[in-house]
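> turn this into a model:
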Amino acid sequence: RAEPVRAASMKPRRLLTTMVVVASTAASAFALRPAPRGAAPALHSKVAGAQMQLRLFNTSGPRCLDGTTAGYYVDSAAGSGRGSMHGGAGAQVVVWLEGGGACFSEDDCEQRAKGDLGSSKGWSQSMTPNSHSHGLLSTDADVNPDFGGFLHVYVPYCSGDVWYGDAPTALNPWAAERAAAPARRLSKVGWEGYFQGHLIVQAVLDDLFGGSGSSVYAQPPSELVLTGCSAGGIGTFGNCDYVAKQFPGARVVCRPEAGYFGLPIKTYKTYIAGLPDHDMHHISNANWTQQVISWVKTEPTPMAACVADGSAWVQPGDDCDGDEELLLCCHSPPYFMPYIETPLFVSEATADAYQVFTQGAAPEEDTPQVVAYVEYLRGILSGSLERVVARGKRLEQNGLFAPACLQHCMSWNGSSAGLVQGKDLQLAFGDWYNGRAKGAAAMLLDNNTGVSTKC
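Numbering: from 1, shown residues only. Reported below is the predicted structural model:
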(Lines give C-alpha, C1' and ligand atoms only; values in the text may rest on other atoms or scores of the structure.)
Protein backbone atom coordinates (compact mmCIF):
# COMPACT_ATOMS: atom_id res chain seq x y z
CA ARG A 1 0.00 0.00 0.00
CA ALA A 2 1.30 3.39 -0.91
CA GLU A 3 2.01 5.23 2.30
CA PRO A 4 4.37 8.14 2.92
CA VAL A 5 4.87 7.34 6.59
CA ARG A 6 4.56 3.76 7.75
CA ALA A 7 6.72 1.23 9.47
CA ALA A 8 6.69 -1.24 6.61
CA SER A 9 7.85 1.25 4.01
CA MET A 10 9.93 3.69 6.05
CA LYS A 11 13.39 2.22 6.17
CA PRO A 12 16.01 3.37 8.66
CA ARG A 13 18.23 6.08 7.26
CA ARG A 14 21.85 6.50 8.07
CA LEU A 15 24.26 9.21 7.07
CA LEU A 16 27.62 8.16 5.74
CA THR A 17 29.66 9.70 8.52
CA THR A 18 29.84 8.49 12.11
CA MET A 19 26.73 10.43 13.17
CA VAL A 20 26.19 8.57 14.97
CA VAL A 21 -8.67 12.79 17.89
CA VAL A 22 -17.41 11.19 20.11
CA ALA A 23 -20.41 10.07 18.83
CA SER A 24 -22.05 7.23 20.77
CA THR A 25 -23.22 4.42 18.49
CA ALA A 26 -24.76 1.06 19.25
CA ALA A 27 -22.56 -1.94 18.64
CA SER A 28 -25.10 -3.40 16.24
CA ALA A 29 -24.34 -0.54 13.85
CA PHE A 30 -21.03 -2.17 13.16
CA ALA A 31 -22.19 -5.51 11.82
CA LEU A 32 -19.85 -6.83 9.18
CA ARG A 33 -20.18 -7.68 5.54
CA PRO A 34 -17.88 -9.71 3.29
CA ALA A 35 -14.70 -7.88 2.42
CA PRO A 36 -13.72 -7.29 -1.22
CA ARG A 37 -10.54 -8.69 -2.58
CA GLY A 38 -7.80 -6.44 -3.82
CA ALA A 39 -4.12 -5.76 -3.82
CA ALA A 40 -2.24 -6.87 -0.76
CA PRO A 41 -1.12 -4.05 1.55
CA ALA A 42 2.56 -3.33 1.93
CA LEU A 43 2.38 -4.69 5.47
CA HIS A 44 2.08 -8.09 3.81
CA SER A 45 5.38 -9.88 3.62
CA LYS A 46 6.89 -13.23 2.89
CA VAL A 47 7.97 -13.53 6.51
CA ALA A 48 6.29 -16.53 8.10
CA GLY A 49 3.43 -15.75 10.49
CA ALA A 50 -0.29 -16.18 11.09
CA GLN A 51 -2.58 -14.60 8.52
CA MET A 52 -4.93 -11.82 9.56
CA GLN A 53 -8.41 -11.57 8.01
CA LEU A 54 -10.19 -8.36 6.99
CA ARG A 55 -13.51 -7.47 8.67
CA LEU A 56 -15.31 -4.49 7.12
CA PHE A 57 -18.07 -2.58 8.93
CA ASN A 58 -21.46 -2.34 7.24
CA THR A 59 -22.71 0.84 5.62
CA SER A 60 -23.90 2.32 8.94
CA GLY A 61 -20.39 2.05 10.39
CA PRO A 62 -17.54 4.58 10.19
CA ARG A 63 -16.08 5.44 6.82
CA CYS A 64 -12.83 6.16 5.09
CA LEU A 65 -12.24 9.53 3.47
CA ASP A 66 -13.94 8.49 0.21
CA GLY A 67 -17.05 7.09 1.95
CA THR A 68 -16.15 3.41 1.69
CA THR A 69 -16.58 1.56 4.95
CA ALA A 70 -13.60 1.14 7.25
CA GLY A 71 -12.57 -2.08 8.98
CA TYR A 72 -9.71 -3.98 10.52
CA TYR A 73 -7.59 -7.09 10.24
CA VAL A 74 -7.63 -9.70 13.01
CA ASP A 75 -5.98 -13.04 13.60
CA SER A 76 -7.73 -15.72 11.60
CA ALA A 77 -8.32 -17.67 14.84
CA ALA A 78 -10.20 -14.76 16.47
CA GLY A 79 -13.18 -15.90 18.54
CA SER A 80 -11.89 -19.45 18.81
CA GLY A 81 -10.04 -18.89 22.07
CA ARG A 82 -6.86 -17.31 20.77
CA GLY A 83 -5.64 -14.64 23.14
CA SER A 84 -7.79 -15.89 26.03
CA MET A 85 -6.35 -16.67 29.43
CA HIS A 86 -7.36 -19.55 31.66
CA GLY A 87 -10.13 -20.68 29.31
CA GLY A 88 -12.92 -18.34 30.39
CA ALA A 89 -11.08 -15.09 31.02
CA GLY A 90 -11.18 -12.17 28.61
CA ALA A 91 -8.78 -12.00 25.70
CA GLN A 92 -5.34 -10.47 25.71
CA VAL A 93 -5.20 -8.12 22.74
CA VAL A 94 -2.76 -5.99 20.77
CA VAL A 95 -4.44 -3.28 18.64
CA TRP A 96 -2.16 -1.60 16.09
CA LEU A 97 -3.18 1.71 14.46
CA GLU A 98 -1.55 2.12 11.06
CA GLY A 99 0.45 5.24 10.25
CA GLY A 100 0.60 7.22 7.04
CA GLY A 101 0.95 10.98 7.53
CA ALA A 102 -2.09 13.24 7.41
CA CYS A 103 -4.07 15.48 5.09
CA PHE A 104 -2.36 18.84 4.76
CA SER A 105 -4.62 20.50 2.19
CA GLU A 106 -7.82 19.91 0.23
CA ASP A 107 -5.83 18.82 -2.80
CA ASP A 108 -3.78 16.43 -0.70
CA CYS A 109 -6.87 14.93 0.96
CA GLU A 110 -8.69 14.59 -2.37
CA GLN A 111 -5.77 12.64 -3.77
CA ARG A 112 -5.40 10.57 -0.60
CA ALA A 113 -9.05 9.50 -0.88
CA LYS A 114 -8.20 7.77 -4.16
CA GLY A 115 -5.73 5.34 -2.57
CA ASP A 116 -5.46 2.85 0.27
CA LEU A 117 -4.82 5.61 2.80
CA GLY A 118 -8.27 7.08 2.06
CA SER A 119 -10.32 4.19 0.75
CA SER A 120 -10.93 0.53 1.54
CA LYS A 121 -11.62 -0.37 -2.10
CA GLY A 122 -8.21 -1.93 -2.63
CA TRP A 123 -7.69 -3.63 0.72
CA SER A 124 -6.93 -7.32 0.47
CA GLN A 125 -8.94 -10.07 2.16
CA SER A 126 -5.98 -11.12 4.28
CA MET A 127 -2.44 -10.12 5.18
CA THR A 128 0.54 -11.38 7.09
CA PRO A 129 2.47 -8.99 9.39
CA ASN A 130 6.10 -8.27 8.72
CA SER A 131 7.94 -9.59 11.75
CA HIS A 132 10.70 -6.98 11.54
CA SER A 133 8.62 -3.79 11.52
CA HIS A 134 5.43 -5.20 13.09
CA GLY A 135 6.90 -7.86 15.36
CA LEU A 136 4.39 -7.05 18.09
CA LEU A 137 1.74 -8.60 15.80
CA SER A 138 3.69 -11.79 15.22
CA THR A 139 2.49 -15.15 16.56
CA ASP A 140 6.04 -16.51 16.36
CA ALA A 141 7.31 -17.03 19.92
CA ASP A 142 10.90 -16.46 18.78
CA VAL A 143 10.02 -13.06 17.31
CA ASN A 144 7.40 -12.05 19.89
CA PRO A 145 7.91 -14.10 23.07
CA ASP A 146 5.85 -11.87 25.38
CA PHE A 147 2.88 -11.10 23.10
CA GLY A 148 2.83 -13.87 20.51
CA GLY A 149 -0.13 -15.57 22.23
CA PHE A 150 -2.21 -12.39 22.26
CA LEU A 151 -5.01 -11.67 19.80
CA HIS A 152 -3.59 -9.33 17.16
CA VAL A 153 -5.60 -6.57 15.51
CA TYR A 154 -4.33 -4.27 12.76
CA VAL A 155 -6.44 -1.20 11.88
CA PRO A 156 -5.72 0.31 8.44
CA TYR A 157 -5.50 4.09 8.37
CA CYS A 158 -7.90 5.72 5.89
CA SER A 159 -9.11 8.94 7.59
CA GLY A 160 -6.14 11.31 7.19
CA ASP A 161 -6.77 12.79 10.66
CA VAL A 162 -4.17 11.02 12.82
CA TRP A 163 -7.01 8.96 14.35
CA TYR A 164 -8.66 12.02 16.00
CA GLY A 165 -11.66 12.73 13.75
CA ASP A 166 -15.27 12.21 14.85
CA ALA A 167 -17.15 14.29 12.26
CA PRO A 168 -20.51 12.49 11.81
CA THR A 169 -20.93 13.43 8.13
CA ALA A 170 -18.72 14.27 5.18
CA LEU A 171 -17.36 17.79 5.12
CA ASN A 172 -14.68 20.00 3.63
CA PRO A 173 -12.49 21.66 6.29
CA TRP A 174 -11.03 23.90 3.58
CA ALA A 175 -14.39 25.23 2.27
CA ALA A 176 -13.51 28.83 3.17
CA GLU A 177 -10.15 28.51 1.46
CA ARG A 178 -11.80 27.05 -1.66
CA ALA A 179 -14.24 29.97 -1.85
CA ALA A 180 -11.31 32.38 -1.71
CA ALA A 181 -9.29 30.67 -4.45
CA PRO A 182 -11.43 28.23 -6.47
CA ALA A 183 -8.99 28.13 -9.38
CA ARG A 184 -6.41 26.37 -7.23
CA ARG A 185 -8.57 23.29 -6.63
CA LEU A 186 -8.48 20.06 -8.61
CA SER A 187 -12.24 19.91 -9.20
CA LYS A 188 -14.89 22.55 -9.76
CA VAL A 189 -17.25 20.86 -7.30
CA GLY A 190 -16.23 21.20 -3.67
CA TRP A 191 -14.68 18.00 -2.36
CA GLU A 192 -15.96 16.47 0.89
CA GLY A 193 -14.59 13.59 2.91
CA TYR A 194 -15.22 11.58 6.05
CA PHE A 195 -12.86 12.31 8.95
CA GLN A 196 -13.71 9.50 11.36
CA GLY A 197 -10.44 8.11 12.72
CA HIS A 198 -11.58 8.18 16.34
CA LEU A 199 -14.94 6.65 15.37
CA ILE A 200 -13.06 3.83 13.66
CA VAL A 201 -11.21 3.10 16.89
CA GLN A 202 -14.58 3.05 18.68
CA ALA A 203 -16.07 0.70 16.11
CA VAL A 204 -13.18 -1.77 16.28
CA LEU A 205 -13.55 -2.08 20.05
CA ASP A 206 -17.36 -2.37 19.77
CA ASP A 207 -17.16 -5.07 17.16
CA LEU A 208 -14.63 -7.07 19.12
CA PHE A 209 -15.98 -6.59 22.63
CA GLY A 210 -19.31 -4.73 22.41
CA GLY A 211 -21.26 -7.57 23.98
CA SER A 212 -23.79 -7.82 21.16
CA GLY A 213 -24.64 -11.08 19.43
CA SER A 214 -22.37 -10.12 16.55
CA SER A 215 -19.33 -9.28 18.69
CA VAL A 216 -16.27 -11.45 18.23
CA TYR A 217 -15.92 -11.90 22.00
CA ALA A 218 -18.70 -12.11 24.58
CA GLN A 219 -16.50 -10.64 27.32
CA PRO A 220 -14.31 -7.53 27.51
CA PRO A 221 -10.57 -8.09 27.25
CA SER A 222 -8.44 -8.86 30.26
CA GLU A 223 -5.43 -7.06 28.76
CA LEU A 224 -5.15 -4.63 25.86
CA VAL A 225 -2.12 -3.01 24.28
CA LEU A 226 -2.89 -0.04 22.03
CA THR A 227 -0.02 0.75 19.70
CA GLY A 228 0.92 2.26 16.35
CA CYS A 229 3.71 4.07 14.57
CA SER A 230 3.98 7.59 13.15
CA ALA A 231 0.39 8.86 12.58
CA GLY A 232 -0.62 5.66 14.40
CA GLY A 233 1.72 6.69 17.21
CA ILE A 234 0.03 10.09 17.45
CA GLY A 235 -3.33 8.29 17.41
CA THR A 236 -2.13 6.01 20.20
CA PHE A 237 -1.21 9.00 22.36
CA GLY A 238 -4.56 10.70 21.60
CA ASN A 239 -6.86 7.69 22.05
CA CYS A 240 -5.03 6.04 24.94
CA ASP A 241 -7.16 7.19 27.89
CA TYR A 242 -10.36 6.82 25.85
CA VAL A 243 -9.62 3.16 25.11
CA ALA A 244 -8.68 2.48 28.75
CA LYS A 245 -11.97 3.98 29.96
CA GLN A 246 -13.93 1.56 27.77
CA PHE A 247 -12.57 -1.40 29.74
CA PRO A 248 -12.23 -0.36 33.41
CA GLY A 249 -11.68 -3.93 34.54
CA ALA A 250 -8.88 -4.63 32.09
CA ARG A 251 -5.21 -3.86 32.12
CA VAL A 252 -4.73 -1.35 29.31
CA VAL A 253 -1.38 0.10 28.28
CA CYS A 254 -0.34 2.16 25.28
CA ARG A 255 2.83 1.97 23.20
CA PRO A 256 3.10 4.96 20.84
CA GLU A 257 6.01 4.67 18.41
CA ALA A 258 7.51 7.53 16.41
CA GLY A 259 4.53 9.73 17.31
CA TYR A 260 6.31 12.35 19.40
CA PHE A 261 5.52 15.26 17.06
CA GLY A 262 4.94 18.94 17.82
CA LEU A 263 8.11 20.23 19.46
CA PRO A 264 9.45 23.63 18.32
CA ILE A 265 12.02 22.60 15.71
CA LYS A 266 13.18 24.78 12.86
CA THR A 267 13.27 23.48 9.33
CA TYR A 268 16.69 22.67 7.92
CA LYS A 269 16.60 25.80 5.75
CA THR A 270 15.88 28.25 8.58
CA TYR A 271 18.27 26.48 10.95
CA ILE A 272 21.22 26.60 8.57
CA ALA A 273 20.49 30.19 7.57
CA GLY A 274 20.07 31.28 11.20
CA LEU A 275 16.65 32.71 10.38
CA PRO A 276 13.52 32.77 12.55
CA ASP A 277 10.95 30.08 11.81
CA HIS A 278 7.33 31.17 12.08
CA ASP A 279 5.94 27.64 12.21
CA MET A 280 8.32 25.91 14.59
CA HIS A 281 5.70 23.31 15.62
CA HIS A 282 4.85 22.50 12.00
CA ILE A 283 1.14 22.71 12.77
CA SER A 284 -0.09 25.63 10.64
CA ASN A 285 -1.16 23.18 7.94
CA ALA A 286 -2.97 21.06 10.55
CA ASN A 287 -5.30 23.79 11.86
CA TRP A 288 -8.09 22.24 9.78
CA THR A 289 -8.27 19.31 12.19
CA GLN A 290 -10.04 21.53 14.74
CA GLN A 291 -13.10 21.38 12.45
CA VAL A 292 -13.34 17.59 12.50
CA ILE A 293 -12.68 16.97 16.18
CA SER A 294 -15.28 17.48 18.91
CA TRP A 295 -14.64 14.78 21.50
CA VAL A 296 -11.36 16.24 22.73
CA LYS A 297 -13.17 19.51 23.46
CA THR A 298 -16.26 18.08 25.17
CA GLU A 299 -14.81 15.16 27.14
CA PRO A 300 -12.20 15.07 29.93
CA THR A 301 -9.19 14.33 27.73
CA PRO A 302 -5.45 14.90 28.23
CA MET A 303 -5.63 17.65 25.61
CA ALA A 304 -8.34 19.50 27.56
CA ALA A 305 -6.37 19.03 30.77
CA CYS A 306 -3.30 20.51 29.11
CA VAL A 307 -5.23 23.61 28.02
CA ALA A 308 -6.79 24.00 31.48
CA ASP A 309 -3.38 23.72 33.10
CA GLY A 310 -2.02 26.52 30.97
CA SER A 311 1.72 26.52 30.53
CA ALA A 312 2.72 23.94 33.13
CA TRP A 313 4.73 21.82 30.66
CA VAL A 314 5.61 24.56 28.20
CA GLN A 315 9.24 25.62 28.16
CA PRO A 316 10.64 29.09 27.43
CA GLY A 317 10.88 29.52 23.67
CA ASP A 318 8.26 26.86 22.92
CA ASP A 319 6.10 29.42 21.09
CA CYS A 320 2.89 28.31 22.82
CA ASP A 321 1.93 31.81 23.96
CA GLY A 322 -1.66 32.95 23.42
CA ASP A 323 -4.90 30.98 23.58
CA GLU A 324 -4.78 29.74 19.98
CA GLU A 325 -1.15 28.76 20.19
CA LEU A 326 -1.66 26.94 23.50
CA LEU A 327 -4.62 25.03 22.05
CA LEU A 328 -2.54 23.84 19.11
CA CYS A 329 0.40 22.92 21.35
CA CYS A 330 -1.92 21.00 23.66
CA HIS A 331 -2.98 18.82 20.74
CA SER A 332 0.63 17.70 20.32
CA PRO A 333 1.91 14.65 22.27
CA PRO A 334 4.90 16.29 23.98
CA TYR A 335 2.53 18.72 25.70
CA PHE A 336 -0.52 16.56 26.53
CA MET A 337 1.37 13.37 27.26
CA PRO A 338 1.94 14.30 30.96
CA TYR A 339 -1.86 14.31 31.41
CA ILE A 340 -2.40 10.79 30.07
CA GLU A 341 -3.42 8.61 33.01
CA THR A 342 -3.00 5.21 31.33
CA PRO A 343 0.45 3.59 31.52
CA LEU A 344 2.57 4.48 28.51
CA PHE A 345 5.65 2.99 26.93
CA VAL A 346 7.01 5.61 24.55
CA SER A 347 9.16 4.41 21.65
CA GLU A 348 10.95 7.20 19.81
CA ALA A 349 14.31 7.45 18.06
CA THR A 350 16.16 10.51 19.28
CA ALA A 351 16.96 11.47 15.66
CA ASP A 352 13.52 10.82 14.11
CA ALA A 353 14.25 10.47 10.37
CA TYR A 354 10.81 11.71 9.33
CA GLN A 355 11.21 14.86 11.39
CA VAL A 356 14.67 15.37 9.91
CA PHE A 357 14.10 14.66 6.23
CA THR A 358 10.38 15.12 5.58
CA GLN A 359 9.12 17.59 8.16
CA GLY A 360 12.45 19.40 8.44
CA ALA A 361 13.19 19.07 4.71
CA ALA A 362 16.87 18.33 5.23
CA PRO A 363 18.63 16.94 2.16
CA GLU A 364 19.73 13.34 2.38
CA GLU A 365 23.35 14.27 2.03
CA ASP A 366 26.48 13.58 3.99
CA THR A 367 27.46 17.16 4.82
CA PRO A 368 28.49 18.95 8.01
CA GLN A 369 25.32 21.05 7.75
CA VAL A 370 23.06 17.99 7.74
CA VAL A 371 25.04 16.46 10.57
CA ALA A 372 24.64 19.67 12.57
CA TYR A 373 20.88 19.76 11.87
CA VAL A 374 20.43 16.18 12.98
CA GLU A 375 22.24 16.92 16.23
CA TYR A 376 20.19 20.09 16.73
CA LEU A 377 16.96 18.12 16.33
CA ARG A 378 18.25 15.27 18.48
CA GLY A 379 19.00 17.69 21.29
CA ILE A 380 15.44 18.99 21.30
CA LEU A 381 13.85 15.53 21.04
CA SER A 382 16.02 13.81 23.62
CA GLY A 383 15.76 16.80 25.98
CA SER A 384 11.97 16.68 25.89
CA LEU A 385 11.88 12.89 26.24
CA GLU A 386 14.11 13.10 29.30
CA ARG A 387 12.11 15.91 30.91
CA VAL A 388 8.57 14.76 30.03
CA VAL A 389 8.95 10.97 30.05
CA ALA A 390 12.08 9.78 31.81
CA ARG A 391 11.75 12.34 34.62
CA GLY A 392 8.02 12.96 34.19
CA LYS A 393 5.16 12.97 36.67
CA ARG A 394 4.32 9.30 35.98
CA LEU A 395 7.82 7.91 36.07
CA GLU A 396 6.89 4.84 38.11
CA GLN A 397 4.23 3.62 35.69
CA ASN A 398 5.61 4.64 32.32
CA GLY A 399 8.48 3.37 30.20
CA LEU A 400 10.71 4.69 27.44
CA PHE A 401 12.81 3.25 24.63
CA ALA A 402 14.70 5.98 22.78
CA PRO A 403 17.74 4.72 20.86
CA ALA A 404 20.25 7.07 19.25
CA CYS A 405 19.03 6.21 15.77
CA LEU A 406 18.46 8.22 12.63
CA GLN A 407 15.24 6.27 12.12
CA HIS A 408 11.44 6.71 12.16
CA CYS A 409 9.42 3.54 12.77
CA MET A 410 11.67 1.00 14.45
CA SER A 411 12.75 -2.54 13.92
CA TRP A 412 11.23 -4.80 16.59
CA ASN A 413 14.36 -6.89 17.01
CA GLY A 414 17.15 -8.44 14.97
CA SER A 415 20.35 -7.04 13.48
CA SER A 416 18.74 -3.79 12.25
CA ALA A 417 17.19 -2.96 15.62
CA GLY A 418 18.45 -0.07 17.72
CA LEU A 419 19.86 -0.93 21.13
CA VAL A 420 19.86 0.91 24.45
CA GLN A 421 21.86 -0.66 27.26
CA GLY A 422 21.98 -3.88 25.26
CA LYS A 423 18.20 -4.09 24.81
CA ASP A 424 16.22 -3.91 21.58
CA LEU A 425 12.60 -2.70 21.42
CA GLN A 426 11.14 -6.19 21.84
CA LEU A 427 13.06 -6.89 25.02
CA ALA A 428 12.67 -3.39 26.46
CA PHE A 429 8.88 -3.35 26.01
CA GLY A 430 8.50 -6.94 27.22
CA ASP A 431 10.55 -6.23 30.34
CA TRP A 432 8.48 -3.14 31.14
CA TYR A 433 5.13 -4.83 30.49
CA ASN A 434 5.91 -7.90 32.57
CA GLY A 435 7.49 -5.99 35.46
CA ARG A 436 11.03 -7.15 34.81
CA ALA A 437 12.04 -3.48 34.64
CA LYS A 438 10.28 -0.67 36.52
CA GLY A 439 10.70 3.02 37.17
CA ALA A 440 14.08 4.41 36.17
CA ALA A 441 15.18 0.96 34.96
CA ALA A 442 12.43 1.09 32.31
CA MET A 443 13.54 4.50 31.05
CA LEU A 444 16.03 3.71 28.29
CA LEU A 445 17.30 6.87 26.63
CA ASP A 446 20.43 7.09 24.50
CA ASN A 447 21.17 10.68 23.54
CA ASN A 448 24.60 10.03 22.09
CA THR A 449 25.77 12.54 19.53
CA GLY A 450 26.11 9.91 16.84
CA VAL A 451 23.79 7.58 15.00
CA SER A 452 24.15 4.08 16.40
CA THR A 453 25.63 1.55 14.03
CA LYS A 454 22.96 -0.86 15.36
CA CYS A 455 20.18 1.12 13.61
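
> any idea how far residue 136 is from residue 345?
Distance of residue 136 to residue 345, computed by C-beta to C-beta, to the nearest Å: 11 Å. Every C-beta, even on glycine, is put in place using the N, C-alpha and C of the backbone.

> er, residue 268 I mean
Residue 268 is 30 Å from residue 345, by C-beta to C-beta.

> this protein: strands as residue ranges?
Under the criterion DSSP state E, the chain contains strands at 32-33, 52-57, 71-75, 92-97, 126-127, 151-155, 223-229, 251-257, 345-347, 351-352, 399-402, 406-407, 443-445.

> let's have the ones you listed in CSV, adding distance to residue 301 and mean neighbour count.
Below are the strands of the chain laid out as CSV (distance: least, C-beta to C-beta, whole Å; neighbours: other C-beta atoms under 10 Å):
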stretch, distance to residue 301, mean neighbour count
strand 32-33, 29, 14
strand 52-57, 24, 21
strand 71-75, 23, 26
strand 92-97, 17, 26
strand 126-127, 32, 19
strand 151-155, 20, 26
strand 223-229, 15, 27
strand 251-257, 14, 24
strand 345-347, 18, 26
strand 351-352, 25, 30
strand 399-402, 22, 26
strand 406-407, 30, 26
strand 443-445, 25, 23
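
> any chance of JSON lines for these, columns distance to residue 284?
As requested, the strands of the chain are exported to JSON lines (distance: least, C-beta to C-beta, whole Å):
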{"stretch": "strand 32-33", "distance to residue 284": "40"}
{"stretch": "strand 52-57", "distance to residue 284": "34"}
{"stretch": "strand 71-75", "distance to residue 284": "32"}
{"stretch": "strand 92-97", "distance to residue 284": "25"}
{"stretch": "strand 126-127", "distance to residue 284": "36"}
{"stretch": "strand 151-155", "distance to residue 284": "28"}
{"stretch": "strand 223-229", "distance to residue 284": "24"}
{"stretch": "strand 251-257", "distance to residue 284": "23"}
{"stretch": "strand 345-347", "distance to residue 284": "26"}
{"stretch": "strand 351-352", "distance to residue 284": "20"}
{"stretch": "strand 399-402", "distance to residue 284": "27"}
{"stretch": "strand 406-407", "distance to residue 284": "26"}
{"stretch": "strand 443-445", "distance to residue 284": "30"}
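
> determine which of the ones you listed approaches residue 313 most closely.
strand 345-347 (14.7 Å; C-beta to C-beta).

> so, low pLDDT: which residues of the chain?
Scanning the chain for pLDDT under 70 picks out 1-49, 77-89, 180-189, 211-213, 311, 450-454.

> can we see that at 50?
Counting by pLDDT under 50, the chain shows low-confidence ranges at 1-48, 85-88, 188, 452-454.

> okay, helices next: where are they in it?
Here the chain has its helices, by DSSP state H, at 106-112, 175-180, 197-209, 231-246, 268-273, 295-298, 302-308, 323-329, 333-336, 353, 368-384, 425-433.

> picking up where we left off before, overlap in contacts of residue 136 and residue 345?
Listed as contacting both residue 136 and residue 345 by C-beta atoms under 8 Å, 6 or more residues apart in numbering are 255, 429.

> burial count for the residue nearest to residue 230 when sequence neighbours are not counted?
The spatially closest residue to residue 230, leaving aside those adjacent along the chain, is residue 99, at 3.2 Å (C-beta to C-beta, 6 or more residues apart in numbering). Neighbours of residue 99 under the rule other C-beta atoms under 10 Å: 33.

> same check on residue 331?
27.

> which ones are touching it?
With C-beta under 8 Å, 6+ apart, residue 331 has these contacts: 262, 283, 289, 296, 303.

> out of the strands of the chain, flag the one nearest residue 196.
The nearest among the strands of the chain, by C-beta to C-beta, is strand 52-57 at 10.5 Å.

> just the angle between that closest one and strand 71-75, please?
150 degrees (axes from the mean of the first three to the mean of the last three C-alpha atoms, to 10 degrees).

> what's the angle from strand 52-57 to strand 151-155?
60 degrees.

> still on that earlier bit, to residue 153, which of the helices of the chain lies closest?
helix 197-209 (6.7 Å).

> who does that closest one touch, helix- and strand-wise?
strand 52-57, strand 71-75, strand 92-97, strand 151-155, helix 231-246 (3 or more C-beta pairs under 8 Å, 6 or more residues apart in numbering; DSSP states H and E).
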